[in-house]
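Asks: quick check, what structure comes out for this input:
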Amino acid sequence: MTRFLKLTSAICLTASVVLAQNIKNNPMSNHGNKFEQLGTILPTANEYRTASGAPGGKYWQQKADYNIEATLDEKNLMLSGKEVVTYHNNSPDKLDYLWLQLDENQHDPKSDNNFFDSNKMNAPYDYNAVKGMDVNETLKGLGDKILSVTDELGKPLKYTINQTMMRIDLPKTLTPNSKVKFVVKWQYKIGNRMEIGGRGGYEHFKEDGNDLFTMTQWYPRMCVYSDFQGWQNKQFTGRGEFALAFGDYNVKMTVPADHIVCSTGECQNYAQVLTPTQMARWTKASTAYNDVTEIVTLDECTAAEKTKSTTTKTWIFKADSVRDFAWGSSRKFMWDAMPIKVDGKKVMCMSFYGKEAAGLYRKYSTKTVAHTIKTYSKFTIPYTYPVAQSIEASNGMEYPMICFNFGRTEKDGTYSEGTKYGMLGVIIHEVGHNFFPMIINSDERQWSWLDEGLNTFVQFLTEQEFDNNYPSSRGPAHKMVDYMRLPKDQLEPIMTNSENINNFGANAYGKPCTALNILRETVMGRELFDFAFKQYATRWAFKHPTPADFFRTMEDASAVDLDWFWRAWFYDIEPVDVSVDSVKAYTFINNKEVPVKNDTMRIYPKNKEFEHVSKIRNKEEGIKFLVDADTTLRDFYYHYKPEVKTTVEKKPINRYENLEAVSDSAFESIKGKYNYEIYFTNKGGCVTPLIIQWNFKDGTSEIDRVNAYVWRKNEKNVVKTYSKSKEVASIVLDPYKETCDIDEKNNTWNIKEAPNRFDVFKTKTVGRGQSTGGNPMQKAKEGKK
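Replies: Below is the predicted model:
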């Protein structure tokens, strides 16, 4: 059960969370009408959060400002630091203590998260697997070491550490609209993240003996205190990510003198830490809007790898209105940059990468960062920060203005198509996190989907504007069919708490992304959806939204009742599976009812060379794709497209039945028309719009769309009757696979899929076996004898 039993001065947000947790074994589909309003499932609106989904007139949030000095000891793999935190209590509550996060304690051998999950021995076991079983040895010496906690005058403050959380007891109650300043000194041993996992740490390169540091969750960070749950001090176990307060940061990082540092914020002293040549390149790059400029070259970082300086330099960065701060440091870094304009404001798009990734990152990374910032700004709000960076670090993780990604070539510089698109996807995704949750600052620890799902959805939109043939792995509804086909005991509602999700990728990323794409393309339409989605982003930029704020805003800004959709896709687990059970057809000739006969053998392909609906509509709207605007991004894989063949054949079926004759007075209106009565069954349980494609005997086709409300009076069966001016040869339900229907085989009338190669082989094998009276392979061998 999720920790929502804490009352604050505002509200108690229990209903939606508890319901979502219990839904797996007690689905909502068994209780009441699927079109019933969510009502008490959502928290009660109040003066902090309105029923429209907007922040209320008395909305508040806390602020935490940091002044940090840190030293990276590469030789001993240690990070030490001192921070002065100014905490602003903007709430109406009195606070007697503060909670901070010590995320590095995730790697403490004594941390409970190391023992949460069941595990067993699976052969074959290699050395690393056996070594990893000894947590005390693998994680020896890791975890935060708090050296002191004092007030600003140096007087010790009482504190208590509970694994990844630290409580500071205040000597004096912190009253509303006041602030407190305190000082924390700490240090920790930096772990090898390639061996122990996690988001921060170092990667060691044996070939050149150097390290690449990703400094994340590296300082004691304030927990969020909010109107809807008080302190968010749920322990960090590595799965549910972060809930953080906005603040201003001034950070000094002392590192080896030959290291290049990339960081949240803007550097305040490039002139002191760069060579004159590099500084000149930076100055040039700052105004070179038309192309990417190298600031640190391959030759320079390769030379630095060999010399390894023993002196240090201090880099100074400043960032305002950010919820976190991360940085990277290495002498291996190449560095390039290109500015863009967003809403009239300059944004420096930059990339940092080692020689192992240069073959891909030099060509694609910074331009992909720029494309991402522009596209996300179009669908949400204009990007407000001055910097956006992509750092190749053999992983994927996001922070304000900076993210760590992957994408390395083979040693000869070649790469596979999968590696290329994997790199592009992770760059778009992680850079996109600047919007969700870095600006639209939701609670990742509680609801992973509210940032990962929304971000994956806009990632899909961005990929589709990169290249109309971009092979997005998530977004189109048919990509989620395999997951939704799973047995119900393996499915979970999207609203499941982050820590309790079994199939994390599908449930926190894929399913909400698919749901939003269905909402945009099939339920609401692009115009209504895009306006409402932008409204949500605008309302909650630099604030702390909840799922209810998102649900309510989408309805409030569109006038579309979506309670059935939230219920079906976010609180329930039932799949879409609608079948076309039967079709009755008739026409009238000279006021005489005549059954329609099926006498054609013409082939009517079902969406041959399948294109998902988003791709089709992007072409119709004339979207200008990045690979067309910048042809330098085209490579071998752009020009090479393997042939895809899909054949569909029609099988004669006679299901027609006569209906009662039409009266003379009504005859003229339907004279010469072909009338069809279609019977649908909702086998999956999830109500959904009906998209019906009519394939006519003259080779043309048309589509009718029916709102999901067609199921409101009977959630199991629906009958729809249509009158067409041409004779219909076949019918296809959901022709563009846009509803995530898990069984296409029952979606057609008068169409039969061509057998696949396995079915053909099986049929031939059985046939030979029957004709020879035994195993055909055995008979063949006997014949040769």
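Asks: all the strands of the stretch 51-200 of the chain, in order from the start?
Replies: Using DSSP state E, counting those that start in this stretch, the strands of the stretch 51-200 of the chain run over 63-73, 78-89, 95-101, 145-151, 159-162, 165-174, 178-189.
Asks: go through these and name the closest to residue 672.
Replies: Closest to residue 672 of the strands of the stretch 51-200 of the chain is strand 63-73 (C-beta to C-beta; 72.5 Å). All C-beta spots, glycine's among them, are computed from the backbone N, C-alpha and C.
Asks: just checking, what packs against the closest one?
Replies: Applying 3 or more C-beta pairs under 8 Å, 6 or more residues apart in numbering; DSSP states H and E, we find strand 63-73 packed against strand 78-89, strand 210-215, strand 247-256.
Asks: how big is the angle separating the second one from strand 63-73?
Replies: Between strand 210-215 and strand 63-73, the angle comes out at 160 degrees (axes from the mean of the first three to the mean of the last three C-alpha atoms, to 10 degrees).
Asks: what does the first one give?
Replies: Angular relation of strand 78-89 and strand 63-73 on a 0 to 180 degree scale: 170 degrees, by the same axes, to 10 degrees.
Asks: using PDB, write down the CA coordinates of strand 78-89.
Replies: Below are the C-alpha coordinates for strand 78-89, written out as PDB (Å, rounded to 0.1, in the frame of the first residue of the first chain):
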ATOM      1  CA  MET A  78      36.100  10.300  -3.700                       C
ATOM      2  CA  LEU A  79      33.600  13.200  -3.800                       C
ATOM      3  CA  SER A  80      33.600  15.600  -0.900                       C
ATOM      4  CA  GLY A  81      31.400  18.600  -0.500                       C
ATOM      5  CA  LYS A  82      30.000  21.400   1.600                       C
ATOM      6  CA  GLU A  83      26.500  22.900   0.900                       C
ATOM      7  CA  VAL A  84      24.700  25.900   2.400                       C
ATOM      8  CA  VAL A  85      21.000  25.400   2.000                       C
ATOM      9  CA  THR A  86      18.400  28.200   2.400                       C
ATOM     10  CA  TYR A  87      15.000  26.700   2.800                       C
ATOM     11  CA  HIS A  88      11.900  28.900   2.300                       C
ATOM     12  CA  ASN A  89       8.700  27.800   4.000                       C
END
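Asks: tell me the buried residues in stretch 101-119?
Replies: Within stretch 101-119, the residues that qualify as buried are 101-108, 111, 113-114, counting by 16 or more other C-beta atoms under 10 Å.
Asks: from those, which is closest to residue 49?
Replies: residue 101 (24.5 Å).
Asks: residues touching the closest one, list them.
Replies: Shown here is residue 101, whose contacts under the criterion C-beta atoms under 8 Å, 6 or more residues apart in numbering are 164-166, 217, 220-223, 236, 242.
Asks: residue 618: how many residues sit nearby?
Replies: Using other C-beta atoms under 10 Å, residue 618 has 16 other residues around it.
Asks: that one is in contact with residue 470, isn't it?
Replies: No: Residue 618 lies out of contact with residue 470 (C-beta atoms under 8 Å); the separation is 10.3 Å.
Asks: shared neighbours of the two, anything?
Replies: A shared contact of residue 618 and residue 470, defined by C-beta under 8 Å, 6+ apart, is any residue touching both; here these are residue 464.
Asks: residue 84 and residue 220, how far apart?
Replies: For residue 84, the distance to residue 220 equals 12 Å [C-beta to C-beta, to the nearest Å].
Asks: more neighbours: the two, which one.
Replies: When residue 84 is set against residue 220 and neighbours are counted by other C-beta under 10 Å, the residue ahead is residue 220, at 23 against 15.
Asks: who does the residue lying closest to the more buried one once chain neighbours are set aside bridge with?
Replies: In space, residue 220 comes closest to residue 100 once its chain neighbours are excluded; the distance is 4.6 Å by C-beta to C-beta, 6 or more residues apart in numbering. Going by DSSP bridges, residue 100 is paired in beta bridges with residue 166, residue 222.
Asks: tell me the secondary structure for the residue nearest the centre of the chain?
Replies: Against the mean C-alpha coordinate of the chain, by C-alpha atoms, centre = their mean, the closest residue is residue 456 at 2.8 Å. When the structure is reduced to helix, strand and coil (DSSP: H, G, I helix; E, B strand; the rest coil), residue 456 reads as helix.
Asks: ok, the closest residue to it other than its chain neighbours - contacts?
Replies: Setting aside the residues directly before and after it, residue 456 is nearest to residue 513 in space (C-beta to C-beta, 6+ apart), at 4.0 Å. By C-beta under 8 Å, 6+ apart, the residues touching residue 513 are 453, 456-457, 459-460, 474-475.
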